[in-house]
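S.K.: sharing a model that was predicted from the sequence below.
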Amino acid sequence: MLVMCTVPNRDTAEILAKALVESRLAACVAIQPPGESVYRWEGRLEKSTELTLFIKTTREGYPALEAAIVRLHPYEVPEILAFDAAGLPAYMKWVSDSVIASSPLLSDSGEE
Amino acid sequence: MLVMCTVPNRDTAEILAKALVESRLAACVAIQPPGESVYRWEGRLEKSTELTLFIKTTREGYPALEAAIVRLHPYEVPEILAFDAAGLPAYMKWVSDSVIASSPLLSDSGEE
Amino acid sequence: MLVMCTVPNRDTAEILAKALVESRLAACVAIQPPGESVYRWEGRLEKSTELTLFIKTTREGYPALEAAIVRLHPYEVPEILAFDAAGLPAYMKWVSDSVIASSPLLSDSGEE
């Protein structure tokens, strides 16, 4: 499964990526370079820098991953979009071997 | 729904993003930094700068969004790819509350 | 169909993109600018530069495309994720007209 999420800056991207991978909720997080998001906020057009994350996980791991992102993300309602994916069998196996669906979210210090 | 589209430069990206969000055909457009596209054109291999847009809309909003992109895009046949997405319920609600499927495309001056 | 793949550097991105398009296994490859991937390798958290490729092909072309990426990619198990896509009919037609599903992979010199 591919999960897409946007974050406001690189620090948030790295904190999120590290926590998700260390907690084995994601096999890999690809942080894209900064882009620009255009959206409406309270009726006005807004433009702000955002980085897009491509998070690779499993269907079974998704609920815990979503909860972890909501817990760690600075936005009250972060963008979290999820897509089923087919792919190279050996790579899909690596992803599913890397992810522990019921894994607790480890804090920075490596504790739960 | 996630819609992907590529554009030749940042100006086109911003015009498109602004028009789609202001017209409420998209909730948000994430403009990625410039990349490079490789493709065949009239039998020859071509390479040109392109920016990828991640457009967040709804299934109901897609037909009007597609028509708006075709109308505004400088290419005769722009890349428009659409993917169904699951995701964080609160975020999906924000997207669907932001999009008006039957909305007319507003021009730069805010008129239809 | 959209296929996502990550590569370690721009040279690999260009070699792969050129070979896939010249061999008509892909209609277009959009090379994203360098980002950063976070993952576990042999139990340790790793961070390395990676570029994400968005490869546009057809369902029928996917098996040969996958085999070609595995053959050309420097990783033993490259990331290859595939997503079904809807989209602008004229664009989808351009993609399917551009891709020859049974096409052999042409080497750099243009021979099989």
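M.R.: Looks like it arrived, so ask away.

S.K.: please make it C-alpha for all contacts and neighbour counts, starting now.
M.R.: OK.

S.K.: what secondary structure does A:C5 sit in?
M.R.: strand (DSSP: H, G, I helix; E, B strand; the rest coil).

S.K.: I'd like to know the beta-bridge partner residues of it.
M.R.: Under DSSP bridges, the beta-bridge partners of A:C5 are A:L53, A:I80.

S.K.: who's in contact with it?
M.R.: Residues in contact with A:C5 (CA atoms under 8 Å, 6 or more residues apart in numbering or on different chains) are A:T52, A:L53, A:F54, A:I55, A:P78, A:E79, A:I80, A:L81.

S.K.: cool, and A:V21?
M.R.: Contacts of A:V21 by CA under 8 Å, 6+ apart are A:A27, A:C28, A:V29, C:V38, C:Y39, C:R40, C:L45.

S.K.: recalculate using a threshold of 7 Å.
M.R.: A:A27, A:C28, C:Y39, C:R40 (CA atoms under 7 Å, 6 or more residues apart in numbering or on different chains).

S.K.: could I get these as a markdown table with pLDDT and neighbour count?
M.R.: Shown next, in a markdown table, are the contacts of A:V21 (pLDDT from 0 to 100; neighbours: other CA atoms under 10 Å in any protein chain shown):
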| residue | pLDDT | neighbour count |
| --- | --- | --- |
| A:A27 | 97 | 25 |
| A:C28 | 98 | 26 |
| C:Y39 | 97 | 23 |
| C:R40 | 94 | 17 |
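
S.K.: neighbours of A:P63, just the number please.
M.R.: The local packing of A:P63 (other CA atoms under 10 Å in any protein chain shown) involves 15 other residues.

S.K.: distance between the helix or strand hosting it and the chain's centre?
M.R.: Element membership for A:P63 (DSSP states H and E) is helix A:62-72. In terms of CA atoms, centre = their mean, to the nearest Å, the centre of helix A:62-72 is set 8 Å apart from its chain centre.

S.K.: stretch A:87-101 now?
M.R.: Computed by CA atoms, centre = their mean, the chain-centroid distance of stretch A:87-101 equals 16 Å.

S.K.: can you list contacts of that stretch?
M.R.: By CA under 7 Å, 6+ apart, stretch A:87-101 touches A:24-27, A:57-58, A:60-61, A:64, C:77-82.

S.K.: and that stretch, average pLDDT?
M.R.: Taken as a whole, stretch A:87-101 has a mean pLDDT of 96.

S.K.: what distance do you get for A:L105 to C:R10?
M.R.: 34 Å (CA to CA, to the nearest Å).

S.K.: the more surrounded of the two?
M.R.: Each of A:L105 and C:R10 has its neighbours counted (other CA under 10 Å); A:L105 has more, 23 against 15.

S.K.: what's the closest non-adjacent residue to that one?
M.R.: Leaving aside its chain neighbours, A:L105 sits nearest to A:S23 (5.3 Å; criterion: CA to CA, 6 or more residues apart in numbering or on different chains).

S.K.: now A:L45
M.R.: In this structure, A:L45 finds its nearest non-sequential neighbour in A:Y39, 5.8 Å apart by CA to CA, 6+ apart.

S.K.: and A:S96, what helix or strand is that in?
M.R.: According to DSSP H and E, A:S96 maps onto helix A:89-98.

S.K.: can I get that helix in CSV, CA atoms only?
M.R.: The C-alpha trace of helix A:89-98 is given here as CSV (Å, rounded to 0.1, in the frame of the first residue of the first chain):
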residue,chain,number,x,y,z
PRO,A,89,6.7,-9.6,-5.7
ALA,A,90,10.1,-9.5,-4.1
TYR,A,91,9.6,-5.8,-3.2
MET,A,92,6.1,-6.4,-1.8
LYS,A,93,7.5,-9.2,0.3
TRP,A,94,10.3,-6.8,1.6
VAL,A,95,7.6,-4.3,2.6
SER,A,96,5.4,-6.9,4.3
ASP,A,97,8.4,-8.4,6.2
SER,A,98,9.4,-4.9,7.3
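
S.K.: just the buried positions in it, please.
M.R.: Across helix A:89-98, burial judged by 16 or more other CA atoms under 10 Å in any protein chain shown covers A:Y91, A:M92, A:V95, A:S96, A:S98.

S.K.: chain C contacts on chain A?
M.R.: Within reach of chain C by CA under 7 Å from any CA of the partner chain, chain A has these residues: A:17-18, A:21-22, A:27-33, A:85-88, A:90-91.

S.K.: shaky segments in chain A?
M.R.: Scanning chain A with the threshold set as pLDDT under 70 gives A:103, A:106-112.

S.K.: swap the cut-off to 90 and go again
M.R.: For chain A, the stretches flagged by pLDDT under 90 are A:41-43, A:101-112.

S.K.: would you mind finding the longest helix in chain A?
M.R.: In chain A, with assignment by DSSP state H, the single longest helix is helix A:10-22.
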